[in-house]
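S.K.: Below are the sequence and a predicted model for it; my questions follow.
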Amino acid sequence: MENVPNLFTYQIRPRRKFEILDANCCWLDDGKIHQEILEHQEFKDRLDSYKILIKSNNQQMSYPNVVFLGTGSSSPGKQRNTSGILVNLNSERSILLDCGESTFLQMIRFFGHDHYRQAIGRIDAIFISHYHADHHFGLVKLIKERLKLSDQPFKPIWIIAPYSILSFLDYFDTNFEKISNGYRAIPCETISFDKMTKKMNPSEEKEELLRQLDIEEMATVLVPHCFESYGIILKTICGKKFAYSGDSMYSDSFDDVAKDCDMIIHEATMNDDLWQEAEYKRHSTISQAINVGRQIGARYTVLTHFSQRYAKMAPINLIDDQSLANYIEKQVVIAFDFMQISFTNLARAARLKYPLELLFDEEIQRMQHVITKRNNKRKLLSEEFS
Ligand SMILES: [Zn+2]
Ligand SMILES: [Zn+2]
């Protein structure tokens, strides 16, 4: 994946100019930056212990694995694109969970110009969790790109989505461009988990979906966010169980259906100090997301969908709740764009946050400063009005 342009390349000076010549550009010296970072003794120590961990646990990427194409909320940023999670079931099949704006470009960046078409061809199903733009604005583009591939015979992608998304696709097909031959729609409701009976809703369509995707189980779960918001669980034929929350405020929606799953990918839009804002916008805080994973006994909880406030690093070390410390240390992973994880490297991924905390130390201190300022302001206001 080397030499693929990505959003980590910044043009600082000149700001706007066409036909920029390399000679006029100032390039950062990688060697000098590395040297400067390694002068920080604590960072060096944490990095060394992380390297030892990697060496002692040096397995290859296995299937199933997950590629994070977008881990930010709301709108695309330089470090985090909007939601897009590619679950590679095996070397031939993938399922995409949400498809925010530019998911297609993120696939080019990750797989490279020579390989992205094959990666798109492997996508058998796309799940869209809800109608908010940061979860589906890239869908039409991906369907159109999929249609350009000349599979023989052509396999339409299953689109598992709320009715609102399916009507939008119909509208687009009728009024703008023909895309309906590129997908086969299945409403989330058709494969939803029945919370009353605590059973999966059976249907012929679902049986066909499972057979074609070659997976053991797939079920959507209504979650509290906006109208028709769903999470999803899927179980592979090798017995690995995934859960994905979509956007959701803290709830027990996954308690029955995702119990003891191997990995839950949960949104963690806001830091704990913004819990009121999270509740108002029906999102989860970082601690709430971790609590969901711990409550259902998830082997690993992977946090994603961060507010662009935390684009560089989620402030996980600012969590006050000591009862979460053990779980966080070994079982919580912070997702970044282009991170690829499988069950053979999840333990390493969980430890990666420690060297990263020091690498982004200044950023975390800045966040801590903002939190303190906000808390002081709240205190002053409450004193004023009490
Ligand atoms: Zn969102
Ligand atoms: Zn949303």
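M.R.: Nice, thanks for sending it over. Ligands and ions are numbered 1, 2, ... in the order given.
S.K.: What residues does the residue nearest to Phe111 when sequence neighbours are not counted make contact with?
M.R.: Distances taken as CB to CB, 6 or more residues apart in numbering put Ala119 closest to Phe111, at 4.6 Å, once the chain neighbours are dropped. C-beta here means a position set from N, CA and C on the backbone, and glycine is covered the same way. Contacts of Ala119 were listed using CB atoms under 8 Å, 6 or more residues apart in numbering, and they are Leu86, Ser94, Met107, Phe110, Phe111.
S.K.: Among the residues you listed, name the ones in helices.
M.R.: Met107, Phe110, Phe111 (DSSP state H).
S.K.: ok so, going back, pull out the buried positions in the helix or strand hosting the residue nearest to Phe111.
M.R.: Assigned by DSSP states H and E, Ala119 belongs to helix 116-121. Neighbour counts using 16 or more other CB atoms under 10 Å place Tyr116, Arg117, Ala119, Ile120, Gly121 of helix 116-121 among the buried residues.
S.K.: hang on, the earlier thing: which one among the ones in helices among the contacts of Ala119 gets closest to ligand 2?
M.R.: Among these, Met107 lies closest to ligand 2 (CB to the ion), at 22.1 Å.
S.K.: Identify the residue spatially nearest to the closest one, adjacent ones excluded.
M.R.: Nearest one to Met107, counting by CB to CB, 6+ apart, is Tyr116 at 5.0 Å.
S.K.: got the contact list for the one you found?
M.R.: Tyr116 neighbours (CB under 8 Å, 6+ apart): Met107, Ile108, Phe110.
S.K.: Quick one, grab the pLDDT at it.
M.R.: Listed pLDDT for Tyr116 reads 94.
S.K.: what residues does the stretch 151-300 of the chain put near ligand 2?
M.R.: Applying CB under 5 Å from the ion, we find that the stretch 151-300 of the chain lies next to ligand 2 at Asp247.
S.K.: how does it look with 6 Å?
M.R.: With the criterion set to CB under 6 Å from the ion, the stretch 151-300 of the chain comes near ligand 2 through His225, Cys226, Asp247.
S.K.: Please, which helix or strand holds the first one?
M.R.: With the criterion set as DSSP H and E, no secondary-structure element contains His225; it sits in neither a helix nor a strand.
S.K.: List phi and psi for it.
M.R.: phi -150, psi -100 (degrees, to the nearest 10).
S.K.: ok, the residue in the stretch 201-350 of the chain that ligand 1 sits nearest to - how many residues close by?
M.R.: Of all residues in the stretch 201-350 of the chain, Asp247 sits closest to ligand 1, at 4.3 Å by CB to the ion. Look at Asp247: counted by other CB atoms under 10 Å, it has 26 neighbours.
S.K.: From Val370, how far off is it?
M.R.: Distance from Asp247 to Val370, counting by CB to CB, to the nearest Å: 23 Å.
S.K.: and what of Ile265?
M.R.: 27 Å.
S.K.: before we move on, what about Glu101?
M.R.: Noted for Glu101: a distance of 27 Å to Val370, by CB to CB.
S.K.: One more: Leu213?
M.R.: Distance, Leu213 to Val370, by CB to CB: 44 Å.
S.K.: Those two - which one has more neighbours?
M.R.: Each of Leu213 and Val370 has its neighbours counted (other CB under 10 Å); Leu213 has more, 19 against 14.
S.K.: which phi and psi does that one have?
M.R.: With angles defined as degrees, to the nearest 10, Leu213 sits at phi -80, psi -10.
S.K.: and it, what does it touch?
M.R.: Taking CB under 8 Å, 6+ apart as the test, what Leu213 contacts is Leu89, Arg93, Ile95, Asp124, Ala125, Trp158.
S.K.: cool, and Ile143?
M.R.: Ile157, Ile159, Leu169, Ile179, Gly182, Tyr183.
S.K.: CSV for these, including pLDDT?
M.R.: Below are the contacts of Ile143 laid out as CSV (pLDDT from 0 to 100):
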residue, pLDDT
Ile157, 95
Ile159, 98
Leu169, 98
Ile179, 95
Gly182, 93
Tyr183, 95
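S.K.: which one of these has the most neighbours?
M.R.: Ile159 leads the contacts of Ile143 on contacts (other CB under 10 Å) with 24 neighbours.
S.K.: From what I see, Arg348 and Lys51 are in contact.
M.R.: No - judged on CB atoms under 8 Å, Arg348 makes no contact with Lys51 at a distance of 10.4 Å.
S.K.: which residues of the stretch 51-200 of the chain fall in helices?
M.R.: Ranges of helices in the stretch 51-200 of the chain, per DSSP state H, counting those that start in this stretch, are 103-111, 116-121, 139-148, 163-175.
S.K.: Mean neighbour count, those: which tops it?
M.R.: Ranked by mean neighbour count, the helices of the stretch 51-200 of the chain are led by helix 103-111 with a mean of 22 (mean count of other CB atoms under 10 Å).
S.K.: Show me what from the stretch 51-200 of the chain comes close to ligand 1.
M.R.: Ser73, Ser83, His132, Asp134, His135.
S.K.: So which of those residues is surrounded by the most neighbours?
M.R.: Busiest of these [other CB under 10 Å] is Ser83, holding 31 neighbours.
S.K.: can you tell me which residues contact it?
M.R.: Ser83 touches 70-73, 97-100, 129, 134-135, 304-305, counting by CB under 8 Å, 6+ apart.
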